[in-house]
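Colleague: Here is my input, please return the structure:
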Amino acid sequence: MFLFFLFNMAVSSIILFLLVSKNMVKPYDTVIENVRIIDGAGSPWFNGAVGIIGREIIKVGRLTAEDRRGAKCVIDGHGSYLSPGFIDSHTHDDIAVLHTPQHPSKLLQGVTTVITGNCGFSNFPNGENQQVQSHLKSLLGEIQPEKFFSNFTSYQKELEKFGIGTNVGSLVGHGPLRISVLGYENRKATKSEIDEMSTLLEEQLEAGALGLSFGFLYPPGTFAGREELVFLASVVSKYDRVLSAHVRSYEGEFLKSITEFLDILKASGAKGLLSHMQVAGVRYWGTSIEAALELLENARTQGIDVIVDMYPYLAGSSTILQLLPPSALADGFEKFEEKVKSDPTYFNILKELTESGKEPGWESKVALIGWENIIINSVVNPKLVEIEGLRIPEGAKKLGIESNFEFCLHVILVDKGMSNVIMFQQSQKDQNMVFQSRLQIVGSDSIPRLGGKPHPRMYGTFPKVLGTMAMSEKLFTLEEAVRKGTSMTAQRFGIWDRGLIRPGMVADLVLFSENLNDTTSYECPTSNPTGIVGVWVGGVRVVENGIIKPGLSGVVINQPACSGW
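Modeller: All right, here's what the predicted structure looks like:
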């Protein structure tokens, strides 16, 4: 009887302890109060506060004195805006997050998550393959061999080994997949080769990669046939991941190129993201964007799940090799270099193709925008540093080279195809139309390289969208601008614990004032924005009043290994 009494007492004590514990309020690590909360859903801002414990948002709204009591840090926002941390949907930060783990160019504009592996480029799989390395180097310049990886898992482990300032999610570049199986062969893949690429892709998706990116404009992606593309897209659909695409043409064949991408999405069932939605070249301004957006909207009525990304600048940027016709690089850069040096007649043939665009299925960028609208912004070879930041005619004059084409070819050969260019090619009216579309999300298309002058979009994309386009020019509401850079992007990539200010979500946050402003220019592209008061990654404050704080609280974002088949 006595033992029974003791047992009942023990049980009662445990129940009482659990009831008391349940009602105890654990002190917050951080309270951010007196802020206008833009929650990421597109709803109007509201006054309130946010309470954070560890990495998690615990409470949103009005906080009581009891809530504040014992908080380790209470921050008065003085009426500034608090939004989810921005998610950069389109970057080429694959190497930058390894080289400079804090990634200040992104943190200082409020970006807490970057998506890498775009336009068919990535540093895995089979990163030990020299052609895979050359492929990415054509875009990002010189890269140390140890920054290439055999698969997504080894890339993730390297990121986690030293820590990262922003969260990183990665797509798988189609380029490395194809190079691993066919090299740079200009032909359609066989059934067994497609199966081999498919198996390699599945391994990356099983490991947690967020999807696949096509780069239809860049060899070897430009050589792929429909059967290959649809089959790989079907694998992406099987895992419910994202299929993004740099389409074949952003010029006269833009609508045809979009139709090709929509066909792949329809045949595979994959959800799509059309990269950097724009039309290049004066002759096409005002002719295609409205029709393209209508094409995409009509596709959605047919059940094709597709949206687009875009950056807020009128100049684009890419590898200098984009100025050459695809046939020039059909067998890879080394073969191209040999041909230029060994065949004297090829110079004139290449000049004609590059400047006229008479190669079937390809349109010359030079013919569309002119040499004078192309800047050499980043080189690898020290012998060429003096031409960084110069337009091509200016560079030719500086080096005493007679023709613009000869200068361009000189830079390509001396720099082994690793130079980058900035191209002034878009219309403001067209761009505004894209940004006002409900289908558009924000992506900087940043191309970080060692040295050189980067495109301003690397440092100013999100402040320009929110500060200039939304608050100053009022092209759309501030709440819509935030949605395009947070929850809508999170939804596309299946990042369900970020992108909204809600209890239970990860505390990736940005506090910014009405003075938010992009301060970059093409002459001074690395100037940091104004108006960023604070940035939190996983509940840790990493930016305070425009200054980076110590700490690497980012994580690698991956998807669980499950499929729908």
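
Colleague: And the strands in the stretch 201-350 of the chain?
Modeller: 211-215, 242-246, 271-274, 306-310, 315-319 (DSSP state E, counting those that start in this stretch).

Colleague: Make a markdown table out of the ones you listed and add distance to residue 282 and mean neighbour count.
Modeller: (C-beta placed from N, C-alpha, C; glycine too.) Output for those, formatted as a markdown table (distance: least, C-beta to C-beta, whole Å; neighbours: other C-beta atoms under 10 Å):
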| stretch | distance to residue 282 | mean neighbour count |
| --- | --- | --- |
| strand 211-215 | 25 | 28 |
| strand 242-246 | 22 | 28 |
| strand 271-274 | 22 | 26 |
| strand 306-310 | 19 | 24 |
| strand 315-319 | 14 | 22 |
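
Colleague: By mean pLDDT, show me the worst of the ones you listed.
Modeller: For the strands of the stretch 201-350 of the chain, the weakest mean pLDDT is recorded on strand 315-319, namely a mean of 95.

Colleague: Tell me what angle that strand forms with strand 242-246.
Modeller: 100 degrees (axes from the mean of the first three to the mean of the last three C-alpha atoms, to 10 degrees).

Colleague: how about the helices of the stretch 101-250 of the chain, start to end?
Modeller: Counting by DSSP state H, counting those that start in this stretch, the stretch 101-250 of the chain has helices at residues 104-107, 130-140, 152-162, 174-182, 191-207, 226-238.

Colleague: how close does the spatially closest residue to residue 277 that is not a sequence neighbour sit to residue 489?
Modeller: Nearest residue to residue 277, sequence neighbours excluded (C-beta to C-beta, 6 or more residues apart in numbering): residue 308, at 3.9 Å. Distance of residue 308 to residue 489, given as C-beta to C-beta, to the nearest Å: 12 Å.

Colleague: between those two, what contacts are shared?
Modeller: residue 441 (C-beta atoms under 8 Å, 6 or more residues apart in numbering).

Colleague: related to what we said a few turns ago, next, the contact list for the residue nearest to residue 277, please.
Modeller: 273, 274, 275, 277, 296, 434, 437, 439, 440, 441.

Colleague: ok, it to residue 538 distance?
Modeller: In terms of C-beta to C-beta, residue 308 sits 29 Å off from residue 538.

Colleague: burial measure for residue 65, as a count.
Modeller: 6 (other C-beta atoms under 10 Å).

Colleague: returning to what we had before: okay, the strands of the stretch 201-350 of the chain in CSV with distance to residue 149 next?
Modeller: Shown next, in CSV, are the strands of the stretch 201-350 of the chain (distance: least, C-beta to C-beta, whole Å):
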stretch, distance to residue 149
strand 211-215, 16
strand 242-246, 20
strand 271-274, 23
strand 306-310, 25
strand 315-319, 21
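
Colleague: Tell me which of those strands lies nearest to residue 166.
Modeller: Among these, strand 306-310 comes nearest to residue 166, with 17.4 Å by C-beta to C-beta.

Colleague: Settle this for me: residue 97 is touching residue 103, isn't it.
Modeller: Yes - the pair residue 97 / residue 103 is scored as a contact, 5.7 Å apart, by C-beta atoms under 8 Å.

Colleague: okay, and the common contacts of the two?
Modeller: Jointly contacting residue 97 and residue 103 under the rule C-beta under 8 Å, 6+ apart are 114, 164, 165, 166.

Colleague: Run through the residues that contact the residue nearest the centre of the chain.
Modeller: Nearest residue to the geometric centre of the chain (C-alpha atoms, centre = their mean): residue 90, 1.7 Å. Residue 90 makes contacts with 115, 118, 244, 275, 276, 309, 311, 443, 444, 445, as judged by C-beta under 8 Å, 6+ apart.

Colleague: can you check residue 142 too?
Modeller: Counting by C-beta under 8 Å, 6+ apart, residue 142 touches 380, 418, 450.

Colleague: State the pLDDT value of it.
Modeller: Taking residue 142 on its own, its pLDDT is 93.

Colleague: before we move on, what about residue 17?
Modeller: Looking at residue 17, the pLDDT reads 43.

Colleague: Point out where the protein drops to low pLDDT.
Modeller: Scanning the chain for pLDDT under 70 picks out the ranges 1-25, 561-565.

Colleague: so what's the closest residue to residue 458 other than its chain neighbours up against?
Modeller: Closest residue to residue 458 apart from its sequence neighbours, by C-beta to C-beta, 6+ apart: residue 446 at 3.9 Å. For residue 446, the contacting residues are 88, 91, 92, 93, 105, 106, 454, 455, 457, 458, 461, by C-beta under 8 Å, 6+ apart.

Colleague: How about the third one, nearest residue that isn't a chain neighbour?
Modeller: This points to residue 92. residue 447 (4.8 Å).

Colleague: Quick check: the residue nearest to residue 277 vs residue 396, distance?
Modeller: In terms of C-beta to C-beta, residue 308 sits 36 Å off from residue 396.

Colleague: again with residue 82
Modeller: 50 Å.

Colleague: of those two, who's got more company?
Modeller: Neighbours were counted for residue 82 and for residue 396 using other C-beta under 10 Å; residue 82 has more, 27 against 22.

Colleague: if we can go back for a sec, the residue nearest to residue 92: how many residues sit nearby?
Modeller: Neighbour tally, residue 447, other C-beta under 10 Å: 26.

Colleague: which residues does residue 489 contact?
Modeller: So residue 489 contacts 87, 89, 115, 441, 442, 495, 499 (C-beta under 8 Å, 6+ apart).

Colleague: let's see it at 6 Å
Modeller: 87, 89, 441 (C-beta atoms under 6 Å, 6 or more residues apart in numbering).

Colleague: so which strand or helix has it?
Modeller: Element membership for residue 489, per DSSP states H and E: helix 487-493.

Colleague: Render the CA-only coordinates of that helix in PDB, please.
Modeller: Output in PDB follows, covering the C-alpha atoms of helix 487-493 (Å, rounded to 0.1, in the frame of the first residue of the first chain):
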ATOM      1  CA  SER A 487       8.500  33.500 -50.300                       C
ATOM      2  CA  MET A 488       8.000  33.100 -54.000                       C
ATOM      3  CA  THR A 489      11.600  32.000 -54.500                       C
ATOM      4  CA  ALA A 490      11.400  29.700 -51.500                       C
ATOM      5  CA  GLN A 491       8.300  28.100 -53.000                       C
ATOM      6  CA  ARG A 492       9.900  27.500 -56.400                       C
ATOM      7  CA  PHE A 493      12.900  25.700 -54.800                       C
END
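
Colleague: Show the subsequent helix or strand relative to it.
Modeller: In N-to-C order, the element after helix 487-493 by DSSP H and E is strand 509-517.

Colleague: same for that following strand, what does it pack against?
Modeller: strand 81-84, strand 530-537 (3 or more C-beta pairs under 6 Å, 6 or more residues apart in numbering; DSSP states H and E).

Colleague: Redo the ones you listed as a markdown table? Include distance to residue 384.
Modeller: Formatted as a markdown table, these follow (distance: least, C-beta to C-beta, whole Å):
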| stretch | distance to residue 384 |
| --- | --- |
| strand 81-84 | 41 |
| strand 530-537 | 34 |
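
Colleague: does residue 488 really touch residue 441, like I thought?
Modeller: Yes - with contact defined as C-beta atoms under 6 Å, residue 488 counts as touching residue 441 (5.1 Å).
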